[in-house]
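Student: what would the 3D arrangement of this be:
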Amino acid sequence: MSLDLPEDGIAFLLNGEEVSVPTAPTARLSEVLRESAGARDVKVGCNAGDCGACTVLLDGVPVCACITAAGQAQGRQVDTLAGLVARDPDAQRLARAFQRHQAAQCGICTPGMMVSAVALLRTGAALDEHVVSDALGGVLCRCTGYRKIIAAVMDTANDAPPAEGGLGAPIARLDGWPKVSGAERFGDDVAPADALHLRVIRSPYHRAGFVFGDLEAFRAENGLDLILTAADVPGDNRFGVIPGFEDQPVFAEAETRFRGEAVAAVVGPAEALARMPAFPVTWEERAAVLTPDGAGNAALLHNERARNIMCRGYVGKGNAKAALEDAAHVVEGQFSTGFIEHAYIEPEAAVARRVGDRIEVQCCTQAPYMNRDGLARILGISPDAVRIQPTATGGGFGSKLDLTAQPYVALAAWRLGRPVRIAYTRGESIASSTKRHPSQITMRIGADADGRLQAAEFEGTFNTGAYASWGPTVANRVPIHASGPYRVPHYSARSIGVHTNTAPSGAFRGFGVPQSAVAQEQLFDMLAGKLGIDRLEFRRRNCLRNGDPTVTGQVFDTGMGIGDCFDALVPHWQTALDEVAAFNAANTTRKRGVGVAGGWYGCGNTSMSNPSTIRAGITPDGTVCLHQGAVDIGQGSNTVIPQIFATALGLPVDQITLIGADTDVTPDAGKTSASRQTFVTGNAARLCGASLRAQILRLGNVGDDAEISLQDGMVTLSDNGTTLRIPLPPGDGYALEACESYDPPTTPLDADGQGVPYAVFGTAAQMVTLEVDLELGTVTLIKVTAAHDVGRAINPLLVEGQIEGGIAQGIGLALMEEFLPGRTENLHDYLIPTFGDVPEVQSLIIECPDPHGPYGAKGLGEHCLIPTAPAILNAIAHASGARVHHLPATPDRVRAAILAAGQVPE
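Tutor: Residues are numbered from 1 along each chain as shown. Purely as a prediction, here's the structure:
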C-alpha cells in the first residue's frame with residue numbers, strides 16, 4: 001500500500017483506517033500509537049523490547065512497538081489487539097478461548113500475547129505446546145505461569161462457550177472481556193489529553209547528601225510549570241503502611257537513604273521534560289551498608305531505631321533447646337535468599353486532578369482506602385477530600401499496596417489545579433519499588449527415633465531496606481509459619497528486621513514465609529534421610545491434623561487440610577520415584593530427581609482487625625448492583641465475590657451488575673493482599689447477599705427456600721407452587737439495599753507468641769520432577785504436581801490459574817531471580833520465568849471446608865508459591881546429591897554444590 005508522507009509526521013493504516021500523525025520518524029512506534037493515534041490497547045512495560053507487551057502486527061508480522069521507529073510504519077498496515085478482535089475471525093475465536101481458559105489474569109500482557117498468537121494462527125501451522133511457546137516466547141507474563149495461555153491458543157479451533165453456573169462453576173472472568181478485546185484501561189491509559197507530565201528526580205547513590213541549585217531559575221528557563229521538593233509538602237512528608245512505622249518521606253530531606261529515592265519532581269508539558277537538561281542538584285556520596293552484616297555498627301538510618309533494628313518477632317512453645325538436646329536425630333543448616341523484584345509487567349502509573357477542594361487520583365493500586373488515607377496525611381486534608389479510583393492493575397503481588405506514584409501527581413495537581421500524570425520507566429520502577437525481603441536463616445530441627453518431630457529452633461534476619469514498609473508484618477508472620485504445617489511440640493522462632501541502604505523491602509506474595517520454607521523443608525528432607533524414612537511419608541507422619549495444636553497453641557477442630565494434600569500426592573510420588581530410578585539407571589551425566597514440600601499460610605492480617613464491607617442494592621427497575629471494592633489485580637475477586645454474593649442472594653451471577661472499586665462509591669473491602677479477599681470480602685458478600693435476600697422474601701412473606709426473579713421493576717417469588725409478583729418501590733435511589741461487614745475472629749499473641757493469629761489457614765503440598773546436568777549444573781523442570789486445600793473451590797479455573805502463576809514465581813525464586821541494587825534495573829538483566837521455564841503443572845484441588853470461610857472457602861494466592869522453591873531444591877538434591885542453601889540455584893551454584901558433594905560423574 002502507499003500513503004503520502006505528511007509534513008512533520010507519518011501516515012499509515014491503523015486497524016484498517018488511514019491515520020496521519022505529527023511525529024518524528026525516530027519516535028517510538030508505541031508512543032505514537034498510544035499518545036497520537038489513541039491506541040491505548042498497546043501496552044508499554046519496558047521500552048526495551050524485553051517484555052513484549054507492546055507487540056503489534058506490522059504488515060502482519062509481530063514487532064515490539066517500543067523498539068520500532070515510527071517511520072518504519074509509513075505507508076504500512078499496523079494492527080493492534082482492539083482492531084484485530086473487532087475485525088479478524090481468528091482473533092475473535094482466540095479472545096473467546098482466552099475467556100474460556102481464563103488465560104488473561106491481570107491482563108497487561110494480554111495484548112502482546114494475543115497479537116503474537118494471531119500471527120501464529122494465520123500461518124496455519126499445526127499447533128503443539130512447543131510451537132505456541134516459541135511463537136509467544138518474546139512476551140512475558142508474571143501472573144499466569146503461561147499454562148492457561150498455551151491451552152487457550154491450542155484450543156482456539158474449539159469455539160465452545162465458557163462454562164455457566166454459580167458457586168463451584170469455572171465460569172469466565174466477569175471482567176475478562178475488556179482484557180481480551182483491548183478495551184481494558186490501566187494506570188497509564190486514563191490520563192486526559194491536557195494532562196501535564198511529571199518526572200521524579202532520584203538519587204543515583206545508595207546513600208548521599210544533596211543540595212539544590214537555583215530551582216526557580218531552572219523552572220523558568222526550561223518551560224516547567226512546577227518543581228516540587230520536601231518544602232512543598234503541605235502535610236506530613238512521610239508515609240507508610242503500618243501504624244507507628246510511617247517513616248518514608250515523599251521527598252528526602254538533606255540525605256537520601258537508598259539508590260532511587262526521590263528528592264524532587266518536575267512538572268510540565270511532555271516536550272519540556274524531554275528536552276530538559278540535568279537537574280540542578282549536587283550529590284555527596286556517603287558510606288552505605290547494603291546487607292545486615294555490619295548494619296549494627298553503621299550510621300543510623302532512623303535515629304530512634306538502635307543498631308538499625310526495625311523490629312523483632314518471636315514465637316515460643318515448650319523448651320526447644322532442651323528437647324533438641326534429647327532428640328535422637330538433629331539436623332541444622334544456614335540458608336539465604338536475596339532481593340526478589342515483583343516485576344509486574346505494568347510499571348506504576350497515576351493521574352490526579354483537583355476538583356474544587358478535593359483531589360481525585362486514578363492509579364494502579366491494591367489498597368484504595370489505604371492510598372486515600374495516606375494521601376490525606378501528605379496533603380494535610382481530610383480523607384473525605386481524597387478520591388481514589390483504581391484503574392485496572394497490571395500485576396501487583398504486594399508492591400502496589402504501598403504509595404508509589406500517587407503522592408507526586410496529587411501534590412502537583414493540588415498546587416496547579418490541572419491534571420498531572422506519571423508513568424514510571426522500567427528502570428525507575430525496579431530501582432524504587434519494594435522487594436521481597438532478603439533472608440539469612442539458621443535452623444535446627446530434631447526428631448525421635450520413630451521419626452516424630454520433637455523440636456525446632458529458627459533464627460531469621462531479614463533485610464528490610466531503608467524504610468519499614470511491610471517489614472513489621474514479615475517479622476511477625478514468619479515465626480508463626482516457620483514450623484510449617486507440622487506438629488512441633490517444642491519450638492522457638494525469632495526474627496529480626498534490619499535497616500540497610502537499599503530499596504525498601506515490602507510485601508511480596510507470602511510476607512517472608514517462602515524464605516522460611518526454603519530452610520524448614522530442606523531440613524525435613526535431611527532429617528528423613530537420617531531416619532531412613534521416605535520423604536513424603538515423613539511429612540505425612542508429622543503434619544497437623546484436626547485437633548492438633550499449632551506452634552501458637554491454636555487448635556482447628558475442622559478444616560486442617562495439609563494431610564489431605566500429602567495423601568493426594570502419594571500415587572503421583574511413587575510413580576515419579578519409579579520413573580526417575582529407571583532414568584538414572586540408564587544415564588550418567590544427566591540425573592533426575594523428585595522433591596516434595598508442604599506449606600501453609602494464615603489468611604488475613606496477623607492477630608489484627610481485618611474487616612471488609614460490601615454494599616448492594618436493587619434499583620426500582622430490578623437491576624441488582626454489587627458495590628465491590630476488593631481490587632482485582634488478576635487473582636479473580638471481580639468474579640469470585642459476585643459468585644458468592646449471587647449464591648447467597650439466589651440469582652444467577654450474570655444478573656449482577658458489578659460496580660468496581662472507587663472510594664466514593666464502594667465501601668472499604670480492605671487491601672488485596674494476605675490471601676484475604678475470597679475469605680474476608682467473600683464473607684462480607686455472603687452476608688450482604690443473604691441480607692438483601694431476606695428483604696426480598698419479606699416483601700411476599702414467603703419461606704426461606706423461595707425462588708427469586710427480577711424483571712421490569714417486579715419481584716417474582718415462587719414458593720411451594722405459589723407465585724407472587726410484587727412491584728419494587730419507586731424512587732431515585734435503591735428500592736432495596738444492604739450493607740454488611742465481616743472481620744475474622746483472631747486474638748493478639750502474648751509475649752511468647754501464643755494465641756489465635758488467623759481464623760483460617762490454607763495449606764498446600766507440591767512435588768517436582770526435574771533433571772540436572774551434572775557437568776553443567778543446569779536444571780530442567782519436567783513436571784510440578786500441586787495439591788492445594790482451598791476449602792471450597794468457588795471457581796476451579798481461577799484456582800488452577802492461581803496455582804500455576806504462584807508456581808512460576810516459585811520457580812523464579814528457586815532458580816534465577818535476584819535483584820542487585822544498581823545492577824539489575826531492567827528485564828534483560830533481571831530474569832523472570834518465560835514460557836520455556838514453566839513445565840507441565842497438574843493441579844489437585846483439595847476441599848476441606850473451613851467453618852469460617854464463605855461456603856467453606858479459604859484464601860489461595862500466597863499458598864501457591866510457598867512450597868515450590870523448597871520442592872525444587874529437594875529434587876535437585878535427590879537428583880545430584882547436592883544441597884543448595886543459598887538462592888537462587890543458578891547453574892554455577894548447582895555445579896559448585898555437586899563438586900562439594902563429590903558427585904562428579906566419571
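Student: what separates G506 from T623, distance-wise?
Tutor: Distance from G506 to T623, counting by CB to CB, to the nearest Å: 40 Å. C-betas here are computed from N, CA, C, even on glycine.
Student: before we move on, what about D225?
Tutor: Separation of D225 from T623 (CB to CB): 44 Å.
Student: what about the residue nearest the centre of the chain, which SS state?
Tutor: Centroid check for the chain by CA atoms, centre = their mean gives F397 as the closest residue, at 1.9 Å. Classification of F397 using DSSP: H, G, I helix; E, B strand; the rest coil returns coil.
Student: what residues are up against it?
Tutor: R142, H342, Y344, F508, R509, I633, Q809 (CB atoms under 8 Å, 6 or more residues apart in numbering).
Student: of D225 and T623, which one has the most company?
Tutor: Set side by side, D225 and T623 show more neighbours around D225, with 18 against 15, by other CB atoms under 10 Å.
Student: test my guess that the more buried one contacts A270.
Tutor: No: the criterion here is CB atoms under 8 Å, and D225 misses it with A270 at 11.9 Å.
Student: which other helices and strands does the lengthiest helix in the chain contact?
Tutor: Longest helix of the chain, by residue count under DSSP state H: helix 562-586. When contacts are defined as 3 or more CB pairs under 8 Å, 6 or more residues apart in numbering; DSSP states H and E, helix 562-586 packs onto helix 535-542, strand 590-602, strand 761-773, strand 779-789, strand 840-846, helix 868-880.
Student: for that helix, buried residues please.
Tutor: Buried residues in helix 562-586, counted by 16 or more other CB atoms under 10 Å: 562-569, 572-573, 576-577, 580, 583-584.
Student: now stretch 26-42
Tutor: The neighbour-count check on stretch 26-42 (16+ other CB under 10 Å) flags 27-37, 39-42 as buried.
Student: likewise stretch 850-863?
Tutor: Under the neighbour-count criterion of 16+ other CB under 10 Å, stretch 850-863 has 850, 852-863 buried.
Student: avg pLDDT for stretch 526-540?
Tutor: Regarding stretch 526-540, the rounded mean pLDDT is 98.
Student: should've said stretch 743-761
Tutor: Here stretch 743-761 scores 97 as its mean pLDDT.
Student: again, but for stretch 451-459
Tutor: Across stretch 451-459, the average pLDDT comes to 98.
Student: before we move on, the earlier item: so for L94, which of the helices and strands packed on helix 562-586 sits nearest?
Tutor: Ranking the helices and strands packed on helix 562-586 by proximity to L94 (CB to CB) places strand 840-846 first, at 22.0 Å.
Student: quick one: buried residues of the closest one?
Tutor: By neighbour count on 16+ other CB under 10 Å, the buried set for strand 840-846 is V841, S843, L844, I845, I846.
Student: ok, those residues vs G703, which is closest?
Tutor: I845 (34.1 Å).
Student: separation between the closest one and H788?
Tutor: Separation of I845 from H788 (CB to CB) stands at 6 Å.
Student: overlap in contacts, these two.
Tutor: Contact criterion CB under 8 Å, 6+ apart; residues shared by I845 and H788: V799.
Student: that's a strand at E304, yeah?
Tutor: No: E304 is assigned coil when assessed by three-state DSSP, not a strand.
Student: distance of it from D247?
Tutor: Applying CB to CB, the value for E304 to D247 is 9 Å.
Student: between these two, which is the more surrounded one?
Tutor: Each of E304 and D247 has its neighbours counted (other CB under 10 Å); D247 has more, 21 against 6.
Student: now for the buried residues of stretch 26-42: which two are most distant?
Tutor: Greatest spatial distance in the buried residues of stretch 26-42: A27 and D41, 18.7 Å, computed using CB to CB.
Student: and of the helices and strands packed on helix 562-586, who's closest to D159?
Tutor: Nearest of these to D159, taken as CB to CB: strand 840-846 at 25.1 Å.
Student: so for the closest one, mean pLDDT?
Tutor: Across strand 840-846, pLDDT averages out at 98.
Student: kindly report the same for stretch 550-560.
Tutor: Average pLDDT, stretch 550-560: 97.
Student: please enumerate the strands of the stretch 401-550 of the chain.
Tutor: Ranges of strands within the stretch 401-550 of the chain are 420-423, 435-436, 439-447, 453-465, 490-499, based on DSSP state E, counting those that start in this stretch.
Student: before we move on, the earlier item: contact partners of the longest helix of the chain?
Tutor: By CB under 8 Å, 6+ apart, the surrounding residues in contact with helix 562-586 are 485, 536, 539-540, 543-545, 591-594, 596, 598, 600, 763-765, 767, 769, 783, 785, 787-789, 842, 844, 846, 848, 878-879.
Student: just the buried ones from those residues, in ChimeraX syntax?
Tutor: Buried residues within those, by 16+ other CB under 10 Å, are selected in ChimeraX with:
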select :485,536,539,540,543,544,591,592,593,594,596,598,600,763,764,765,767,769,785,787,788,789,844,846,848,878,879
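Student: just to revisit the earlier point, tell me the angle the longest helix of the chain makes with strand 590-602.
Tutor: 170 degrees (axes from the mean of the first three to the mean of the last three CA atoms, to 10 degrees).
Student: relative to helix 868-880, how tilted is helix 562-586?
Tutor: Counting by the same axes, to 10 degrees, helix 562-586 lies at 30 degrees to helix 868-880.
Student: what's the angle from helix 562-586 to helix 535-542?
Tutor: Per the same axes, to 10 degrees, the angle that helix 562-586 makes with helix 535-542 is 160 degrees.
Student: which parts of stretch 379-394 are buried?
Tutor: L379, I381, A385, V386, R387, I388, Q389, P390, T391, A392, T393, G394.
Student: no wait, stretch 470-482
Tutor: 470-482.
Student: can you give me the mean pLDDT across stretch 652-661?
Tutor: For stretch 652-661, mean pLDDT rounds to 96.
Student: pretty sure V281 contacts V211?
Tutor: Yes: between V281 and V211 there is a contact under CB under 8 Å: 7.2 Å.
Student: higher neighbour count, these two?
Tutor: V281 (18 against 10).
Student: okay, and the beta partners of V315?
Tutor: A493 (DSSP bridges).
Student: next up, the contacts around it.
Tutor: Per CB under 8 Å, 6+ apart, neighbours of V315: P479, I480, Y491, S492, A493, V551, T552, L749, D752, G753, Q754.
Student: and with 6 Å instead?
Tutor: Contacts for V315 (CB atoms under 6 Å, 6 or more residues apart in numbering) come out as P479, I480, A493, V551, G753.
Student: are we agreed that the fourth one is in a helix?
Tutor: No: using three-state DSSP, the assignment for V551 is coil, not a helix.
Student: any idea how far it is from D189?
Tutor: Shown here: V551 relative to D189, a distance of 46 Å by CB to CB.
Student: name the residue in those two with the higher neighbour count.
Tutor: Each of V551 and D189 has its neighbours counted (other CB under 10 Å); V551 has more, 28 against 21.
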